[in-house]
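# The sequence and its predicted three-dimensional model are supplied below.
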Amino acid sequence: MSEKKRKVFLIIPDNSYGYRIQRERLERIVHAAGCLPVTLDRSVSAEILWKQLVDGLSKSHLFIGDITYHRPNVPLEVGIVLGLSEKESNKRKDILLVNAPFDEGSIPSDLLGLRIERYSTILELESHVIKWLSDRLNKVIEYKQESECVFEERFFNHNKFHKEWSVPRFVNVSLTSDGLLINGGWLPVSTKHLLFSKYEMNVTFRLENRNIGVCFNVPPGNSSVKSRFLMLNMQRTDDGNKWQIVPHLYDFGDMHDRIITSGGSWGFNAGYWVYDPNNGHQNYILSENQRWTELLFKVNGSKISVYDKNNSNSLIYEIDYDVISEGQFIIPKSGGVGFRCSGYSEIPGGEAATIRGVIVNQLA
């Protein structure tokens, strides 16, 4: 065994949040451990895919699977691994399953006897896998978690947008020559990428009418609260020369299904304006004749800082949502980010904004 590299089979649903990022990170960790990562090419025919699957599972020594997203292929592949282990008792297969915490409680009962680690960020996922591989291989894995670009979106490619962004029903969006136009709706248009607990997000946008809300989400799946987010609502003041930034907390709970099915505003009434006693409302003078606004959001745990990229990265606003959270509200420390323009009937034309680009960088 020492002459050949161990093979690590990666079972990752290709519709999971940040699939590409997750796969790349796990492959790099496996290489750093001196092993060979094994994944499937799902673009081939079913017959060839099944042959790849059986061959890969039978020849691999270690297995890492993500069971978060209810894809039936994951328990199937785990079952094949367990069957091979029982058949070849002298070649026991080691299995690590990972599961995002918002999906807790939905783990198939037959898998509960296996080792399952829960994660809420890619960094946590990396840490679990590194420790598990180190224990199994009895070696220290030299892997440095460094700052790097997580994703960049310019809203030019329709297929890429629909694969990597979630658009709720009754939310109006379109890809224009300038970028993503959001024109009314109740829920945010959100990225499917699972983000880090420490990252920065560069956003370039233009207000078409009234307001834009930048939202920090918890992905759906929690049994008690199906949709929940913190929103920093930004709008121009009446004279058009200043920003006003106001934080809001939204907890849709059981109202979520009614909003999705009927497009009503009941759930939005469950939102609360949150007053930060240290900051409150903050007005900020905009640069003159500024067509596009470019803001930098730095997220570090529960703290969010907002900077004006058009004005030498001047600090506009800071909020620590652990300080202002109350009772039943659980403010996300990780998850997707998104944008929201409401569809209030009393606002002529509703709210609208064009997002020209989004860049997210992991911070070590």
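It's in.
# and stretch 246-256, average pLDDT?
In this model, stretch 246-256 has an average pLDDT of 56.
# Likewise for stretch 336-347?
pLDDT averaged over stretch 336-347 gives 74.
# before we move on, what about stretch 212-226?
Mean predicted confidence for stretch 212-226 is 57.
# can you pull the contacts of the nearest residue to P188 once chain neighbours are set aside?
What sits nearest to P188 in space, not counting adjacent residues and going by Cβ to Cβ, 6 or more residues apart in numbering, is G338, at 3.6 Å. C-betas here are computed from N, CA, C, even on glycine. Contact analysis of G338 by Cβ atoms under 8 Å, 6 or more residues apart in numbering lists W165, S166, P188, V189, S190, T191, V214, C215, N217, F229.
# Separate out the buried members of these.
Buried members of the contacts of G338, counted by 16 or more other Cβ atoms under 10 Å: W165, S166, P188, V189, S190, T191, V214, C215, N217, F229.
# Would you convert these into JSON lines that also reports secondary structure and distance to K298?
Formatted as JSON lines, those follow (DSSP: H, G, I helix; E, B strand; the rest coil; distance: Cβ to Cβ, whole Å):
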{"residue": "W165", "secondary structure": "strand", "distance to K298": "22"}
{"residue": "S166", "secondary structure": "strand", "distance to K298": "24"}
{"residue": "P188", "secondary structure": "coil", "distance to K298": "20"}
{"residue": "V189", "secondary structure": "strand", "distance to K298": "22"}
{"residue": "S190", "secondary structure": "strand", "distance to K298": "19"}
{"residue": "T191", "secondary structure": "strand", "distance to K298": "17"}
{"residue": "V214", "secondary structure": "strand", "distance to K298": "13"}
{"residue": "C215", "secondary structure": "strand", "distance to K298": "16"}
{"residue": "N217", "secondary structure": "strand", "distance to K298": "17"}
{"residue": "F229", "secondary structure": "strand", "distance to K298": "18"}
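# pLDDT weak spots in the stretch 251-364 of the chain?
251-290, 321-335, 343-349, 364 (pLDDT under 70).
# please redo it, this time with the cut-off set to 90
251-293, 299-304, 308-338, 340-351, 361-364 (pLDDT under 90).
# can you pull up the bridge partners for the spatially closest residue to D320 that is not a sequence neighbour?
Nearest residue to D320 in three dimensions, chain neighbours excluded: K303, at 4.8 Å (Cβ to Cβ, 6+ apart). Judged by DSSP bridges, the bridge partners of K303 are N300, D320.
# Can you report how many residues lie near K303?
The number of residues packed near K303 is 14, by other Cβ atoms under 10 Å.
# looking at it, it is touching Y317, isn't it?
No. With contact defined as Cβ atoms under 8 Å, K303 does not count as touching Y317 (11.3 Å).
# where along this structure do the helices fall?
For the chain, applying DSSP state H gives helices covering 19-32, 46-59, 73-87, 122-137, 158-164, 256-262, 321-324.
# between these, which gets the lowest average pLDDT?
If the helices of the chain are sorted by mean pLDDT, helix 256-262 sits at the bottom with a mean of 35.
# Check the closest residue in space to E27 that isn't next to it in sequence and give its pLDDT.
Excluding its sequence neighbours, the residue lying closest to E27 (Cβ to Cβ, 6+ apart) is P37, at 4.4 Å. Confidence at P37, expressed as pLDDT, is 93.
# circling back: right, so of the helices of the chain, which gets closest to I11?
Closest approach to I11 among these (Cβ to Cβ): helix 73-87, 5.1 Å.
# With just CA atoms, put that closest one into PDB.
Only the C-alpha atoms of helix 73-87 are listed here, as PDB (Å, rounded to 0.1, in the frame of the first residue of the first chain):
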ATOM      1  CA  ASN A  73     -27.200   8.700  -5.500                       C
ATOM      2  CA  VAL A  74     -25.300   9.500  -2.200                       C
ATOM      3  CA  PRO A  75     -26.900   6.800   0.000                       C
ATOM      4  CA  LEU A  76     -26.800   4.400  -3.000                       C
ATOM      5  CA  GLU A  77     -23.000   4.900  -3.300                       C
ATOM      6  CA  VAL A  78     -22.500   4.700   0.400                       C
ATOM      7  CA  GLY A  79     -24.500   1.500   0.400                       C
ATOM      8  CA  ILE A  80     -22.300   0.000  -2.300                       C
ATOM      9  CA  VAL A  81     -19.200   1.000  -0.200                       C
ATOM     10  CA  LEU A  82     -20.600  -0.700   2.900                       C
ATOM     11  CA  GLY A  83     -21.500  -3.800   0.800                       C
ATOM     12  CA  LEU A  84     -17.900  -4.000  -0.500                       C
ATOM     13  CA  SER A  85     -16.600  -3.600   3.000                       C
ATOM     14  CA  GLU A  86     -18.700  -6.500   4.200                       C
ATOM     15  CA  LYS A  87     -17.700  -8.700   1.300                       C
END
